[in-house]
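S.K.: From the sequence below, what's the structure:
(chains A and B)
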Amino acid sequence: MAENKVVTRFAPSPTGHFHVGGIRSALFNFLFARQNKGTYILRSEDTDKERSKREYEDEFLELFDWLNLKYDMFFRQSDRLEIHQKYIKKMMDEGFAYLSKETPTEEGQREEVIRFKNPNKKITFKDLVLEEITVDTTDLGDFIIARDINEPLYHLTVVIDDFEMGVTHVIRGQEHAPNTARQILIQEAIGAPRPIYAHLPLILNKERAKLSKRDESVLPAIEYKKLGYLPDALLNFMALNGWNPGGEQEIFNLPELVEKFDISKVQKGGGIFNPEKLDWLNKEHIKLLPKEEIEKNILEWLPENMQNEIGKKMVPVILERINKWGDVKEMAERGELDLYFHPPQFSKEKLIFKNVPAEKIKENLKLAISELEKLDEKNFTVENIKDTLMKIADKLESRGELLHPVRFALSGKDQSPDPFTIASIIGKNETLSRLQKAI
RNA sequence: GGCCCUAUCGUCUAACGGCUAGGACGGAUCCUUCUCAAGGAUCAAAUCAGAGUUCGAUUCUCUGUAGGGUCACCA
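M.R.: Sure thing, here's the model as predicted:
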């Protein structure tokens, strides 16, 4: 019988903003459980009463909900004190732990703590990523496992909870690898089976160091939601840092990751978080979205006064220029989109193309107006406008002497989308009025 | 410092011990273009060093070097 059902867990502690590296740990636990038809547990490790805050827990809960990393069970460690106490008593009764007199050196330290009786032996454990690790636990001494019966510490609670929850695979960051030996010692003391370990390579910042709060290029995870990244893109990106399926495919959605993920192919060395690649991947994921979905999102990220018919027409122009939804907001804030709503202000010299005389420019603009007038409102589309204007432009010495002044009259900017697109967005009347004004 | 881990283009990575070390991001150049963006094409760019094993080493072994992690009454 398949009694060896896979159980994984991800166990963040709510003591600060959740960082992006944690997303990958959560993801790999999720993927491994799903592809083995197992159970994925989320456990909030809030045993540190001083530092744990419910708002931080709410933050990662919100994050996983957004990422669609659904867990099968949720536990809060502080709800399990009775269970932890039971084990502390048992360990003390059986001589695996003892009450120890201390001389406090820092404020808040107790005069009595509970220490683990270290058998001082070598521990060798297998690791799905790192192969095999041996640690001599003598170096650890009789480490503290609880401040007192009411305040168990991390190493103890992890081992007890993993055991009680039937966790079969411990997939976590490599910073925990050196801690594993002491957790195995505790397991042996309470008679818990040893889970299979997989220590993932660290995700590093540009300086090649472990991620911390003060990294500029790497933000707290929830910020990526606020910036309007796609959950699947973020997941895709995180998965590809430290793991690779081997082929040349780069774009994966969550079900594909579940199918292709292979924990034995996980890299051993740490990887740097590369925001440019995230942006590229996000754009690729956006392109895969249905048209309506793209339009809906772009409209939502536009300021309210732009959420109208003109806003809708701007969608293709905006889409070409963004990597993530937040860029839409930024474009609007920079004033890049104002030209679609108000006639631009500019000095008339700007209409001149190279050294074409002003009179000639004026003539070209007049010609453009008279030809465009022949198009009726309904046919005022990018294609038709382009046909009309190009017919005139191609007869000139260079197309620029028509296209530049037209584009400038419409946009008032040195750099902007092409005149046909702008004209089609602002409509026939506004186009003709702006051209007239330019003349 | 002790212990543990790691090492292929700037970055993420691919390569049963065997083609010219492949792909992607980013960069550069060109094409397309009045400009921007998008798109297309091309190019530059790596096996940390030194020994050893082998007909042959990015791949296996050792040493060195570099980087990272960890050594809490945090998790």
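S.K.: contacts and neighbour counts: CA atoms only from here.
M.R.: OK.
S.K.: Does A:Phe252 fall in a helix, a strand, or a coil region?
M.R.: coil (DSSP: H, G, I helix; E, B strand; the rest coil).
S.K.: how far away is it from RNA strand B?
M.R.: 12 Å (Cα to the nearest atom of the strand, to the nearest Å).
S.K.: For that residue, give me phi and psi.
M.R.: When read as degrees, to the nearest 10, the backbone of A:Phe252 gives phi -130, psi 140.
S.K.: That one touches A:Met238, doesn't it?
M.R.: No - using Cα atoms under 8 Å, A:Phe252 makes no contact with A:Met238, being 11.1 Å away.
S.K.: who's more crowded, these two?
M.R.: Legend: neighbour count by other Cα atoms under 10 Å for A:Phe252 and A:Met238, higher for A:Met238 (22 against 19).
S.K.: what about the more buried one, distance to A:Ile171?
M.R.: Note on A:Met238: its distance to A:Ile171, by Cα to Cα, to the nearest Å, is 15 Å.
S.K.: cool, A:Lys122 as well?
M.R.: The value you get for A:Lys122 to A:Ile171, if Cα to Cα is used, is 22 Å.
S.K.: Ok, A:Glu330 next?
M.R.: 38 Å.
S.K.: Got the domain ranges for chain A?
M.R.: A:1-75+A:156-288, A:291-340, A:348-438 (automatic domain parsing).
S.K.: Reformat the ones you listed as JSON lines; add mean pLDDT.
M.R.: JSON lines is the format used below for these (pLDDT from 0 to 100):
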{"stretch": "domain A:1-75+A:156-288", "mean pLDDT": "94"}
{"stretch": "domain A:291-340", "mean pLDDT": "96"}
{"stretch": "domain A:348-438", "mean pLDDT": "92"}
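S.K.: could I get those domains as a markdown table with distance to A:Val129?
M.R.: Output for these, formatted as a markdown table (distance: least, Cα to Cα, whole Å):
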| stretch | distance to A:Val129 |
| --- | --- |
| domain A:1-75+A:156-288 | 5 |
| domain A:291-340 | 33 |
| domain A:348-438 | 50 |
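S.K.: Out of those, the one nearest A:Asn118 is which?
M.R.: domain A:1-75+A:156-288 (7.7 Å; Cα to Cα).
S.K.: neighbour count winner among A:Glu330 and A:Ile171?
M.R.: A:Ile171 (27 against 14).
S.K.: And the next helix or strand past the helix or strand hosting A:Lys329?
M.R.: According to DSSP states H and E, A:Lys329 maps onto helix A:326-333. Downstream of helix A:326-333, the first helix or strand assigned by DSSP H and E is helix A:358-372.
S.K.: quick one, the helix or strand encompassing A:Leu319 and helix A:326-333 angle?
M.R.: When elements are assigned from DSSP H and E, A:Leu319 belongs to helix A:309-320. In terms of direction (axes from the mean of the first three to the mean of the last three Cα atoms, to 10 degrees), helix A:309-320 departs from helix A:326-333 by 120 degrees.
S.K.: quick one: contacts of helix A:309-320?
M.R.: Residues from elsewhere that reach helix A:309-320 (Cα atoms under 8 Å, 6 or more residues apart in numbering): A:Glu295, A:Ile298, A:Leu299, A:Leu302, A:Val328, A:Tyr340, A:Phe341, A:Pro417, A:Thr421, A:Ile425, A:Ile426.
S.K.: from the chain's centre, how far out does it sit?
M.R.: 25 Å (Cα atoms, centre = their mean, to the nearest Å).
S.K.: and what of stretch A:101-108?
M.R.: Mean-position distance between stretch A:101-108 and its chain equals 42 Å (Cα atoms, centre = their mean).
S.K.: Torsion angles phi and psi at the residue most central in space within chain A?
M.R.: Chain A has A:Leu234 as the residue nearest its centroid, 4.0 Å off, counting by Cα atoms, centre = their mean. Main-chain torsions, A:Leu234, degrees, to the nearest 10: phi -60, psi -40.
S.K.: I figured it hits A:Leu278, correct?
M.R.: Yes - using Cα under 8 Å, A:Leu234 makes contact with A:Leu278 at a distance of 6.9 Å.
S.K.: RNA strand B: which of the contacts of helix A:309-320 is nearest?
M.R.: A:Pro417 (4.0 Å; Cα to the nearest atom of the strand).
S.K.: And the helices in the stretch 151-300 of chain A?
M.R.: Remark: helices assigned in the stretch 151-300 of chain A by DSSP state H, counting those that start in this stretch are A:154-164, A:180-190, A:221-226, A:231-240, A:254-260, A:275-287, A:291-301.
S.K.: Run through the residues of the stretch 301-439 of chain A sitting next to RNA strand B.
M.R.: Residues of the stretch 301-439 of chain A lying close to RNA strand B by Cα under 7 Å from any atom of the strand are A:320-321, A:399-401, A:403-404, A:407, A:414-420.
S.K.: I'm done for today, thanks for sticking with me.
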